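Trainee: Got a sequence here, can you build the structure:
(one chain, ligands or ions: 2)
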Amino acid sequence: MRVTCSPKDGQKPGTSGLRKKTKVFMSEGYLETFVQSIFDATGGAKGKTYVVGGDGRYFNERAAQVILKMAAANGARRVIVGQYALLSTPAASHLIRLNHADGGIILSASHNPGGLEADFGVKFNTANGGPAPEAMTEAIHARTKVIDEYFIADAADVNLSRIGTQEIGGMEISVIDPVADYAALMENLFDFDAIRAMFARGFRMRFDAMCAVTGPYAREILENRLGAAPGTVVNAEPLPDFGGMHPDPNPTWAHDLMERMFGPEAPDLGAASDGDGDRHMIVGRGIYVAPSDGFAVLAANAHLAPGYRDGLKGVARSMPTSAAVDRVAAALGIGCHETPTGWKFFGNLLDSGRATLCGEESFGAGSDHVREKDGLWAVLLWLNILAERTESVSEILNGHWRRFGRNYYSRHDYEALPSDVAEAVLATLRAKLPELPGQEIAGLTVAAADDFAYADPVDGSVSRGQGLRIVFTDGSRVVLRLSGTGTEGATIRLYLERHVAGPDGLSEEVQTALAPVLEAAETLAGIRSRTGRAGPDVIT
Ligand code: VG1
Ligand code: CO
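Mentor: Residues are numbered from 1 along each chain as shown. Ligands and ions are numbered 1, 2, ... in the order given. Got it, this is the predicted structure:
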């Protein structure tokens, strides 16, 4: 069936797909025009195979039904869809690769809250399993501006509860167990016997799935296959509104887990994951692992897991992520790449074998096993490392700092600002950058200042305007950028970093250690004075 339509405003994918208020996505023709634009901008759906699934948030299943009918009407050959339209983002990435699909449509607004009054999102991944590169998201956006028709099969809903093969309009639909293939992949990468033995020795953990998609994955892998005690996985049922929680695994939103990990009954390991399962947080007994540190620890120890026994080809991190992993890469004698924020920039590095592990400060790490960051993968790698080293999280982290020094690091988010105010803060600082080198700012001397641009070493594409960075002569750093995942106003992210070589000064309180850098940042950008905010909304 052909339906005439008109372009919808603002269908511009951000850091990770198109995110809008759920009601916007539910408004007439909104989802349809975006999905048709994806098909149109990528050479049409005819004869193609896609993977479809999402994180279970409100509108997930309805949206999946629409996409299935649209794929059929556009002539797709086959769609592989998770039971109840559930798929974590890393599992979807794996399924695209495993089945040699042409791409995938992932329904998620990731760490953003879900529900009728909250957020929804749609993301397109390509045949390598990774998020569409910038040139492709730009082509999709361009198509949304002129689209005047879409195609949808006039068919009954697919039975998404029944695993097996169905058909609409000549298109094959495979409803699959969302967990099985992913769990098998994890068994290939990690020493499940060693981890199982550790649990059998009494190792205790708490995994908080935050009522989001990783619950079924974590239960199957941790409790059923690895023998973790029943109840290890909490908030394990994916709920349309994530139980009213904010499915963002950080100390602010996963505060229940934090309290337990710092309490008298703390287990050995605490972990949490986000809405779509690509992020993770790690907490040891009485010690929080900052994501940039965690990524560096994973890079330094990955060889302890069977999947990485031959060592790493290289590593990559997003520009705002701390340089902790750079020191590991130097020690290992491997390459270290610095990319803009967002997983799509890692795709070429992973495909070309330049990087085995990638990481972001925003609770994201992953490897070349898929083309997305992968929350549960990171947790399993930690478990494998803990099983091999038979040390606590605290011992491992402190040992890491003694060896490499410590990159004190924090991100301050100023959320839901009026867009013009946020943009003016960035624009004013951007204009000042050329004259900054050599100047002394709140006692720190500027060594270099620029607006980060990235030239992809594989396809030569250049991405500009990826964040303002000011590096001081002592190696401290301030980074400022605007978020590309919000759905309300603008969010300024301020990233602060300071390296301490040790052996002294490795156990300061983070915000105290960063106070001089924060003062320099405020002197440079005046975020508080310009926005009228007393401080950030979220500190991670
Ligand atoms: C944020 C993070 C970024 C991450 C992105 C998607 O983007 O900073 O590192 O890749 O979210 O993560 P931004 O533009 O808001 O800073 V997810 O788990 O929401 O797909
Ligand atoms: Co996510």
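Trainee: now the end-to-end length of stretch 13-27.
Mentor: This stretch, stretch 13-27, spans 18 Å end to end (C-alpha to C-alpha, to the nearest Å).
Trainee: Please determine whether that stretch lies in contact with ligand 2.
Mentor: No: for stretch 13-27, no contact with ligand 2 is found by C-beta under 5 Å from the ion; the gap never falls below 7.2 Å. In short, each C-beta sits where N, CA and C put it, glycine included.
Trainee: Just the buried positions in that stretch, please.
Mentor: 13-22, 24-26 (16 or more other C-beta atoms under 10 Å).
Trainee: Present those as CSV; the columns should include distance to residue 327.
Mentor: As requested, the buried residues of stretch 13-27 are arranged in CSV below (distance: C-beta to C-beta, whole Å):
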residue, distance to residue 327
13, 34
14, 31
15, 27
16, 28
17, 33
18, 37
19, 34
20, 40
21, 42
22, 43
24, 44
25, 43
26, 48
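Trainee: Among these, which are located in strands?
Mentor: 18-21 (DSSP state E).
Trainee: Go through those residues and say which is closest to ligand 1.
Mentor: residue 19 (8.3 Å; C-beta to the nearest ligand atom).
Trainee: The closest one contacts residue 111, doesn't it?
Mentor: No: in this structure, residue 19 is not within contact of residue 111 by C-beta atoms under 8 Å, at 10.3 Å.
Trainee: list the residues that contact both of these two?
Mentor: Common contact partners of residue 19 and residue 111 (C-beta atoms under 8 Å, 6 or more residues apart in numbering): residue 485.
Trainee: Can you report how many residues neighbour the residue lying closest to residue 275 once chain neighbours are set aside?
Mentor: When the adjacent residues along the chain are set aside, residue 275 lies closest to residue 247, with 3.9 Å between them (C-beta to C-beta, 6 or more residues apart in numbering). Residue 247 has 35 neighbouring residues, counting by other C-beta atoms under 10 Å.
Trainee: show me the contacts for residue 247.
Mentor: 55, 111, 113-114, 210-212, 253, 274-275.
Trainee: quick one: pLDDT of the closest residue to ligand 1 within the stretch 1-150 of the chain?
Mentor: Nearest to ligand 1 in the stretch 1-150 of the chain, going by C-beta to the nearest ligand atom, is residue 110, at a distance of 2.9 Å. pLDDT for residue 110: 94.
Trainee: Look up how far residue 277 lies from it.
Mentor: Counting by C-beta to C-beta, to the nearest Å, the gap from residue 110 to residue 277 is 9 Å.
Trainee: between those two, what contacts are shared?
Mentor: Common neighbours of residue 110 and residue 277 (C-beta under 8 Å, 6+ apart) are 55, 89.
Trainee: which bits of the stretch 201-350 of the chain sit near ligand 2?
Mentor: 274, 276, 278-279.
Trainee: now, among these, which is nearest to residue 81?
Mentor: Using C-beta to C-beta, residue 276 comes nearest to residue 81 of those, at 15.5 Å.
Trainee: How much space separates the closest one from residue 61?
Mentor: Distance from residue 276 to residue 61, by C-beta to C-beta: 15 Å.
Trainee: Which one's more surrounded, the two?
Mentor: residue 276 (35 against 20).
Trainee: On the three-state scheme, the more buried one is what?
Mentor: coil (DSSP: H, G, I helix; E, B strand; the rest coil).
Trainee: Pull the contacting residues for it.
Mentor: Residue 276 touches 54-55, 88-89, 106, 108, 110, 212-213, counting by C-beta under 8 Å, 6+ apart.
Trainee: which one of those is nearest residue 424?
Mentor: Out of the contacts of residue 276, the member with the shortest distance to residue 424 (by C-beta to C-beta) is residue 110, at 27.8 Å.
Trainee: wait, isn't that closest one in contact with residue 121?
Mentor: Yes: look at residue 110 against residue 121 with C-beta under 8 Å: they come within range, at 6.8 Å.
Trainee: Need the residues touching each of the two.
Mentor: By C-beta under 8 Å, 6+ apart, the residues touching both residue 110 and residue 121 are 16, 19.
Trainee: about what we covered before: give me the more crowded residue out of residue 110 and residue 277.
Mentor: The residue with more neighbours, out of residue 110 and residue 277, is residue 277; 33 against 27, by other C-beta under 10 Å.
Trainee: Please give me every residue in contact with that one.
Mentor: 55, 88-91, 212-214, 217, 374-376.
Trainee: now those residues in a markdown table, with neighbour count and distance to ligand 1?
Mentor: Converted to a markdown table, the contacts of residue 277 look like this (neighbours: other C-beta atoms under 10 Å; distance: C-beta to the nearest ligand atom, whole Å):
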| residue | neighbour count | distance to ligand 1 |
| --- | --- | --- |
| 55 | 30 | 10 |
| 88 | 36 | 11 |
| 89 | 32 | 7 |
| 90 | 29 | 10 |
| 91 | 33 | 14 |
| 212 | 34 | 11 |
| 213 | 34 | 11 |
| 214 | 36 | 12 |
| 217 | 27 | 15 |
| 374 | 30 | 11 |
| 375 | 33 | 8 |
| 376 | 25 | 13 |
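Trainee: How about the residues of the protein by ligand 1?
Mentor: Residues of the chain found near ligand 1 (C-beta under 6 Å from any ligand atom) are 15-16, 110-111, 274, 278-279, 318, 341-343, 360, 362, 364, 483-485, 493.
Trainee: Helices along the stretch 101-250 of the chain, start to end?
Mentor: For the stretch 101-250 of the chain, the helices defined by DSSP state H, counting those that start in this stretch occupy 134-144, 180-189, 192-200, 214-218.
Trainee: Just the residues of the chain next to ligand 1: which are in strands?
Mentor: Within these, residues falling in strands by DSSP E are 318, 360, 364, 493.
Trainee: ok, back up a step: minimum distance to residue 307: which of the helices of the stretch 101-250 of the chain has it?
Mentor: Comparing these by C-beta to C-beta, helix 180-189 comes nearest, at 3.3 Å.
Trainee: contact partners of that closest one?
Mentor: Looking at what lies outside helix 180-189 - C-beta under 8 Å, 6+ apart - the contacts are 88, 90-91, 94-95, 98, 217, 220-221, 225, 305-308, 369-370, 376-377, 380-381.
Trainee: residues of that helix that come out buried?
Mentor: Buried, per 16+ other C-beta under 10 Å, within helix 180-189: 182-183, 185-186, 189.
Trainee: Now residue 287: closest residue in space that isn't a chain neighbour?
Mentor: residue 394 (4.5 Å).
Trainee: Which strand or helix spans the one you found?
Mentor: Taking DSSP states H and E as the criterion, residue 394 maps to helix 393-404.
Trainee: other SSEs contacting that helix?
Mentor: Secondary-structure packing of helix 393-404 (3 or more C-beta pairs under 8 Å, 6 or more residues apart in numbering; DSSP states H and E): strand 280-284, strand 287-289, helix 291-301, helix 324-332, helix 375-389.
Trainee: okay, these in TSV with mean pLDDT and distance to residue 268 next?
Mentor: Shown next, in TSV, are these (pLDDT from 0 to 100; distance: least, C-beta to C-beta, whole Å):
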stretch	mean pLDDT	distance to residue 268
strand 280-284	98	7
strand 287-289	96	11
helix 291-301	98	16
helix 324-332	98	23
helix 375-389	98	8
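Trainee: what sits against the residue of the chain found nearest ligand 2?
Mentor: Using C-beta to the ion, residue 110 is the residue of the chain that sits closest to ligand 2, at 3.1 Å. Residues in contact with residue 110 (C-beta under 8 Å, 6+ apart) are 16, 19, 55, 89, 121, 274-276, 278-279, 485.
Trainee: how does it look with 7 Å?
Mentor: Applying C-beta atoms under 7 Å, 6 or more residues apart in numbering, we find residue 110 in contact with 16, 121, 274-276, 278.
Trainee: go on, residue 374?
Mentor: Contacts of residue 374 (C-beta under 7 Å, 6+ apart): 90, 278, 366.
Trainee: let's see 8 Å
Mentor: Neighbours of residue 374 in contact, by C-beta under 8 Å, 6+ apart: 90, 93, 277-278, 365-367.
Trainee: What of residue 109?
Mentor: Taking C-beta under 8 Å, 6+ apart, one finds 17, 19, 57, 118-121, 275, 485, 487 in contact with residue 109.
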